[in-house]
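A.B. asks: Test case, fold it:
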Amino acid sequence: MTVRLGFIGTGDLGADHVRRCANILSGATVSALYNRTQSKAQTVAEQFAPEALVTAIPEELIESPEVEAIVISSASQTHEDLVLKAIEAGKYVFCEKPLATTADGCERILHAESAAAKRLVQVGFMRPYDEGYQNLKSLLTHDAVGPVLMAHAAHRNPFSGPHYTREMLISETLIHDINTFHWLLGESFRTVQVFYPRPTSRADAALRDPQLVLLETSSGVLITVEVFVNCQFGYDVQCALIGENGELRLPEPARAALRKNGQTSVAIPMDCKERFATAYDRELQAFVDGVATGKLTGPDSWAGYVASATADACIRAQKSGQKEAVQLIAQPEFYRNDTDV
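C.D. replies: So this is what the prediction gives:
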C-alpha cells in the first residue's frame, strides 16, 4: 500500500519533510502541497514532486480524494484549526509541535478525536525516535539507576530569528524538553518556575535569553532546563538523569574527530534538521506505517495537550516570577490505553 500524503506548509521544515517523503520514506508518495505563499509550494513541488497538486487553500488539500493523510508544518497558530478540519474529514494527520498554541486548543482536539472514536493524530515530537534518547528510555525502563531523583537538560540554538519572542522560548523550544521528560519518566508535571540569568548581549534585551526553567513532576522529580536560543556555537541538546544508584547521560551525536595543527575538534550540528535527521526520518516513517496499518503509534494528542498545558504554566511563570501550578484535565479514557514510542 502506498499512502498518499498532503503537506500543509512548505517552509524550512515542511520542505524537508516533502524531500524526506520523496527520497527516503517507503510506502508513501507526495500527492498535494499547500503553502500560504503559493509560489513556495510550487517550487518545492517542482523539486521533489512534479506530479503533486498545489492547492490554493488548505481546505482543498484536506478534502481532496487524492490525499489520504496530512502532514502539517505550517505556522503554529494554524495548527489547531487544520487538525480539527482533518479530524472532521476523517483523515490521519501528523502535526508538528505544538499541537495547538494553548491547552484550551489542545482540549478541543482531544474532544474532536474522542468523538471520532478513532485515533487520527500524531504530534511531531521527534526525540523519542532518536537513538540516544531511546537508549535512555530503555535503561530507565530496566531500572538501571533506580528511582530518578532529578534531571538536568539544555536546549541551545545558535541564533533566533528576528520575530522570535520571549514566550517562544517556551512554546517553540522548551516544549520539546517538556515532552521528552513526560515520555522518559512517564509522569506529568505539577509546578514550574522560570528564572532569568544575566542576559546575553547577542540578543534583543526583550527576549531575556537565556532562561532557566525548573519543572517539578507529579512524583517530586526536579528538572532544570537551560533554554538558550542565541548561544552562537551550534545546535546543542543535553540530558542527564540522576537516580539513587547512578546517572544516565544522553550521548553526543556520532561525529568523527579531526586531529590537525596540534588540535582535536569535533563538529557541532547547526540546526535541529542536522542533529535529528535520522529521528525525523523514523517519525515520519512510523506515521506512514501507522496510516497503512490503521494504528498510529507515535506521540498522541494527549502528549500534545500535556506539553501545551505545561508550556502555558511556564509562560505564566515568565510573567509572574513565581512558581506556577500546571493545570491538567483528567486524561480521557480514549487515551489511557494508547501506547507511544
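A.B. asks: Now do the strands in the stretch 51-200 of the chain.
C.D. replies: Along the stretch 51-200 of the chain, counting by DSSP state E, counting those that start in this stretch, strands occupy 53-54, 69-72, 92-96, 121-124, 148-156, 189-195.
A.B. asks: Touching the fourth one from outside, list them.
C.D. replies: Contacts made with strand 121-124 from outside it, assessed by CB atoms under 8 Å, 6 or more residues apart in numbering, are listed as 73, 83, 87, 92-97, 99, 109, 113, 179, 283, 286-287, 290, 296, 298-301, 303-304, 307. (Each C-beta comes from the backbone N, C-alpha and C, glycine too.)
A.B. asks: In three-state terms, how would Leu214 be classified?
C.D. replies: strand (DSSP: H, G, I helix; E, B strand; the rest coil).
A.B. asks: for Val30, same thing?
C.D. replies: Val30 is classified as strand under three-state DSSP.
A.B. asks: What's the separation between it and Arg19?
C.D. replies: 9 Å (CB to CB, to the nearest Å).
A.B. asks: any shared contact partners between the two?
C.D. replies: Counting by CB under 8 Å, 6+ apart, the common neighbours of Val30 and Arg19 are Phe48.
A.B. asks: The two: which has the busier surroundings?
C.D. replies: For Val30 versus Arg19, neighbours defined as other CB atoms under 10 Å are more numerous around Val30 (25 against 15).
A.B. asks: Excluding chain neighbours, what is closest to Gly90?
C.D. replies: Leaving aside its sequence neighbours, Gly90 sits nearest to Ala116 (CB to CB, 6 or more residues apart in numbering; 7.1 Å).
A.B. asks: same thing with Glu88?
C.D. replies: Once flanking residues are discounted, Glu88 sits nearest to Ala112: 7.3 Å by CB to CB, 6+ apart.
A.B. asks: what ranges do the helices span in the stretch 51-200 of the chain?
C.D. replies: Taking DSSP state H, counting those that start in this stretch, the helices of the stretch 51-200 of the chain run over residues 58-63, 79-88, 103-116, 131-141, 168, 175-185.
A.B. asks: which of those helices is buried the deepest?
C.D. replies: helix 175-185 (a mean of 23; mean count of other CB atoms under 10 Å).
A.B. asks: Just the CA trace of that helix, in PDB.
C.D. replies: C-alpha atoms of helix 175-185 as PDB (Å, rounded to 0.1, in the frame of the first residue of the first chain):
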ATOM      1  CA  ILE A 175       8.100  22.300  24.600                       C
ATOM      2  CA  HIS A 176      10.400  19.600  23.200                       C
ATOM      3  CA  ASP A 177      12.000  19.100  26.600                       C
ATOM      4  CA  ILE A 178       8.700  19.100  28.400                       C
ATOM      5  CA  ASN A 179       7.500  16.300  26.100                       C
ATOM      6  CA  THR A 180      10.900  14.500  26.400                       C
ATOM      7  CA  PHE A 181      10.700  14.200  30.200                       C
ATOM      8  CA  HIS A 182       6.900  13.400  30.100                       C
ATOM      9  CA  TRP A 183       7.900  10.500  27.900                       C
ATOM     10  CA  LEU A 184      11.100   9.400  29.600                       C
ATOM     11  CA  LEU A 185       9.600   9.500  33.200                       C
END
